[in-house]
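>>> have a look at this prediction, sequence included:
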Amino acid sequence: DGGITQSPKYLFRKEGQNVTLSCEQNLNHDAMYWYRQDPGQGLRLIYYSQIVNDFQKGDIAEGYSVSREKKESFPLTVTSAQKNPTAFYLCASSWTSGGKDEQFFGPGTRLTVL
Amino acid sequence: RKEVEQDPGPFNVPEGATVAFNCTYSNSASQSFFWYRQDCRKEPKLLMSVYSSGNEDGRFTAQLNRASQYISLLIRDSKLSDSATYLCVVIKRGSTLTFGKGTMLLVSP
């Protein structure tokens, strides 16, 4: 089945530790995205990538890093510099960026920093 | 004015009712519009795109009013399974998506 997978579903980390969230898609989409959602808030864009080996900062990139070494994969690292890392993290992909194409979302990772 | 604004609700309606949500956007250069549905603690899923001429998909009707800069979603004959948060999404030309905070709908028996 085609789709987007994120792992793990729940993640707990101690304050000050870096953590990497996985996102894989087998839809052959060029563009991939990372969002963060806080309770009662809309989705906010962290980073996005339009093509392999290229990515751009979104609205709230500080404290995060990404890589796009393969078309299928777009991992997100939450670094210790991120002041409020506890949130629901959603990965998405689309055929192209620029917004006309539907974005498909993965099931999300709930990160809790203790 | 925020880029995309929605009434957070919740909208409490009985089964069979008709309910409508609006979403206002601030940037007149906005090009594309969507409604996504998000169930509790799940990922958003596309409900429908919103076209200038308006579009209908079964019990759901989406409208766009460029002059007043808002889009709407009408749900007829509400079902219990329609209970969810409905996210308005707006895209400027060549830009990424901007999500509203969502409107919560609760359909009761």
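Noted; the coordinates are in hand.

>>> helices along chain A, start to end?
Assigned by DSSP state H, chain A shows no helices.

>>> for the one residue in chain B that gets nearest to chain A, give its distance to A:Thr79.
In chain B, the residue that lies nearest chain A is B:Ile91 (3.4 Å; C-beta to the nearest C-beta). Glycine gets a C-beta too; all of them are placed from N, C-alpha and C. With distances defined as C-beta to C-beta, to the nearest Å, the gap from B:Ile91 to A:Thr79 amounts to 29 Å.

>>> compare these two (neighbour count), which wins?
Just comparing B:Ile91 and A:Thr79: by other C-beta atoms under 10 Å in any protein chain shown the higher neighbour count belongs to B:Ile91, 19 against 15.

>>> just list whatever residues bridge to the more buried one.
In this structure, B:Ile91 has beta-bridge partners B:Ser32, B:Leu97, where bridges are defined by DSSP bridges.

>>> my read: it touches B:Ser30, true?
Yes. Here B:Ile91 lies in contact with B:Ser30, judged by C-beta atoms under 8 Å, at a distance of 6.7 Å.

>>> helix or strand with the lowest mean pLDDT in chain B?
The weakest-scoring helix or strand in chain B, judged by mean pLDDT, DSSP states H and E, is strand B:97-99 (a mean of 89).

>>> residue nearest the middle of chain A, spatially speaking?
The residue at the geometric middle of chain A, judged as the C-alpha nearest the mean C-alpha position with C-alpha atoms, centre = their mean, is A:Trp34 (2.8 Å).

>>> right, I'll leave it there.
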